[in-house]
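>>> let me see the structure of the following:
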Amino acid sequence: MQTTFSVHIKNALCSPCLRGSFMEDKMRIVVLGGAGKMGCIAVQALAGDQRVDEVVIADFNLENARVVADYIQSPKIKIEHVDVNDHAGLVNVLAGADACLNATVYYTNLPIMEACLEAGVSYTDMGGLFHTTLKQLELSDRFAERGISAVLGMGSAPGVPNLQSRYAADRLDTIEYIRIYDGIKPPAPDDMRFTYAVPTILDEMSLAPMVYRDGEFVAEKPLTGFEDYWFAEPLGLLPMHLSLHSEVATIPLSFQEKGVKECFFKINYWGMAKETVEKVRVLADFGFDSEEPVEVKGVRVAPRDVMIAMMGNFVPPVTDFLAPPKNEPPDWVKEIVTEVKGTKGGKTVTYRLGTLTVKGALPTGTAPAIAAIWLAEGRIQPGVYPPEKALEPEAFFDELSKHQIMTRVTVTEML
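Predicted structure coming up:
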């Protein structure tokens, strides 16, 4: 299956800080889903940043929100109850904020952006799983007219690979391929925990991965395209496979003028045990991922809703994702690698950028926190942009390094 998209992606040329003459204003950032697994990491990063004055945990689950606030112990944190399906209530919570960080499941991206438009608040999220991202880009003119900005897919991946690609693209005349590998420390075979939003993981397991080949987007089958890839120690050699992801929706179009012929995203079982993924796929084969309701004892219920509810029992508590104030941080080991091959001055050059986290803050929550601050500072022109068109890579990698998330660049040239 081949699909051609004609999305025009504009540059968000970074402007000087627009808050300069208003520095007496307090920076207030709302984290929707701030009581969730990745949202709580963003809250912790924002609360620990001296540029931020107030962080709002806006969540439906007030019990979890209080757990997160009590754990972080920062006077900057406020809690607001919000239902993202209540448009008026959502706009009310967003009113007066400098930026909204959407850490909820990607299904809510578009309605939350509509609420941001009404409230006049800039926006960032952790990804739209390719297809939603393309729909979000269509809101760019409306955001520009409103005088607000949005950076889409600013988690760890998508997010970091977009900036890695931009770093290499800025230094190459032409580009042959952009290959993205997201390597995560594998859990024990009997570890059945889910590391992020269960609905998103189920979609990544079942929806067709999109790859970019010779000017077209091609749909592949889930869990295909396997290859072994070497990551930095302590990860080493990991089996990687294709997965549907937002980076591929924008990167090849952003650098289309450089002749990109290939772009894909691969991951190792979404950071879960291979055995757990196989069990979930068996359930899917039996139809448990279907959204079509079936009747059970007189009650109509969607099998997928039941499966998601049951899998909620295998989601770690939010405190497992936070760095303790005094003790060792969580044992995160993750390297996001982007390889970009092209030419410079007629010579073949390959860039390998690896962003490594070893017992540091998880970049999925930290990267959007930095993006939200940049949005609040007015560093992004009004409109809607992918990360590679909105953020300066070197400055962003420098900020990540302050959270012990380090980026290494290797350049290989043909003699």
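>>> can you tell me the closest non-neighbouring residue to residue 321?
Of all residues not flanking residue 321 in the chain, residue 37 sits nearest, at 5.2 Å (C-beta to C-beta, 6 or more residues apart in numbering). For glycine as for every other residue, the C-beta is placed from the backbone atoms N, C-alpha and C.
>>> burial measure for the one you found, as a count.
Using other C-beta atoms under 10 Å, residue 37 is surrounded by 23 other residues.
>>> next, it: secondary structure please.
Following DSSP: H, G, I helix; E, B strand; the rest coil, residue 37 is assigned to coil.
>>> low-scoring pLDDT stretches of the protein, where are they?
Applying pLDDT under 70 to the chain flags residues 1-10, 13-24, 324-331, 360-361.
>>> mind listing the helices for it?
39-47, 62-72, 87-94, 109-119, 131-137, 140-146, 160-169, 198-206, 247-254, 274-285, 303-311, 363-376, 387-390, 393-401 (DSSP state H).
>>> okay, and the beta partners of residue 177?
Taking DSSP bridges as the rule, residue 177 bridges to residue 262, residue 341.
>>> now the helices of the chain as TSV including mean neighbour count?
As requested, those are arranged in TSV below (neighbours: other C-beta atoms under 10 Å):
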stretch	mean neighbour count
helix 39-47	29
helix 62-72	18
helix 87-94	18
helix 109-119	20
helix 131-137	19
helix 140-146	16
helix 160-169	27
helix 198-206	18
helix 247-254	27
helix 274-285	15
helix 303-311	16
helix 363-376	28
helix 387-390	28
helix 393-401	17
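>>> ok, which of those comes nearest residue 214?
Closest of those to residue 214 is helix 247-254, at 10.4 Å (criterion: C-beta to C-beta).
>>> can you name every helix or strand that the closest one contacts?
Packing partners of helix 247-254 (3 or more C-beta pairs under 8 Å, 6 or more residues apart in numbering; DSSP states H and E): helix 131-137, helix 160-169, strand 174-184, strand 210-213, strand 262-267, helix 387-390.
>>> span of stretch 102-111 from start to end?
Start-to-end span of stretch 102-111 (C-alpha to C-alpha, to the nearest Å) is 11 Å.
>>> what of stretch 39-55?
The first and final residues of stretch 39-55 sit 11 Å from each other (C-alpha to C-alpha).
>>> what's in contact with that stretch?
Here stretch 39-55 makes contact (C-beta atoms under 8 Å, 6 or more residues apart in numbering) with 26-29, 31-34, 57, 59, 68, 72, 74, 76-78, 101, 103-104, 318, 321-323, 361-362, 364-366, 368-370, 372-373, 376-377, 403.
>>> now find how far off-centre that stretch is within its chain.
17 Å (C-alpha atoms, centre = their mean, to the nearest Å).
>>> please name the nearest non-neighbouring residue to residue 368.
Closest to residue 368 by C-beta to C-beta, 6+ apart is residue 154, at 4.6 Å.
>>> distance to residue 410 for the helices of the chain - can I get that in CSV?
Shown next, in CSV, are the helices of the chain (distance: least, C-beta to C-beta, whole Å):
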stretch, distance to residue 410
helix 39-47, 28
helix 62-72, 36
helix 87-94, 42
helix 109-119, 34
helix 131-137, 29
helix 140-146, 34
helix 160-169, 11
helix 198-206, 28
helix 247-254, 19
helix 274-285, 29
helix 303-311, 39
helix 363-376, 19
helix 387-390, 20
helix 393-401, 14
